[in-house]
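[1] 3D model of this:
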Amino acid sequence: MFDRLSSSQEDLESEELREDAETAGCTRIGDCQDRQIVTVTGTLRTVTLRPRAGVPALEAELFDGSAALDVVWLGRRSIVGIEPGRRLIASGRISMSRGRRVLFNPKYELRPLGRE
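    Got it, this is the predicted structure:
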């Protein structure tokens, strides 16, 4: 109880996200290795449009309380429901780009807004 009272809001949210990933049966992002096929879940922190090699690419940072992962949809300028603060389950093969974990064109499922 004392730990919860003395923890910051960010620590509490991270703990909640880690528990959510475990409950959903997903791999923790911090445990993902290069070229591994995974299913991860978390909250989108940022969503940006950033062209790659002249092709539009929608990029989002997914955080599950253990680490962050970049989710990239090539050829897309926007996707309905993909917005900061949204919870998401994504599946695909992890790759490493500039020292960061990346999922390109994953299969994904939007989680309901608010408490489940």
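
[2] this protein: strands as residue ranges?
    37-49, 57-63, 68-74, 87-97, 100-104, 107-110 (DSSP state E).

[3] now the longest one: average pLDDT?
    Strand 37-49 shows a mean pLDDT of 96 in the predicted model.

[4] contact partners for Ser66?
    Ser14, Arg18, Ala21, Arg28, Ile29, Gly30, Asp31 (C-beta atoms under 8 Å, 6 or more residues apart in numbering). The C-beta positions use only the backbone N, C-alpha and C, and glycine is treated the same way.

[5] just put the strands of the chain in a markdown table and tack on distance to Ser8 and mean neighbour count.
    Below are the strands of the chain laid out as a markdown table (distance: least, C-beta to C-beta, whole Å; neighbours: other C-beta atoms under 10 Å):
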| stretch | distance to Ser8 | mean neighbour count |
| --- | --- | --- |
| strand 37-49 | 16 | 18 |
| strand 57-63 | 15 | 19 |
| strand 68-74 | 18 | 19 |
| strand 87-97 | 21 | 17 |
| strand 100-104 | 24 | 18 |
| strand 107-110 | 28 | 14 |
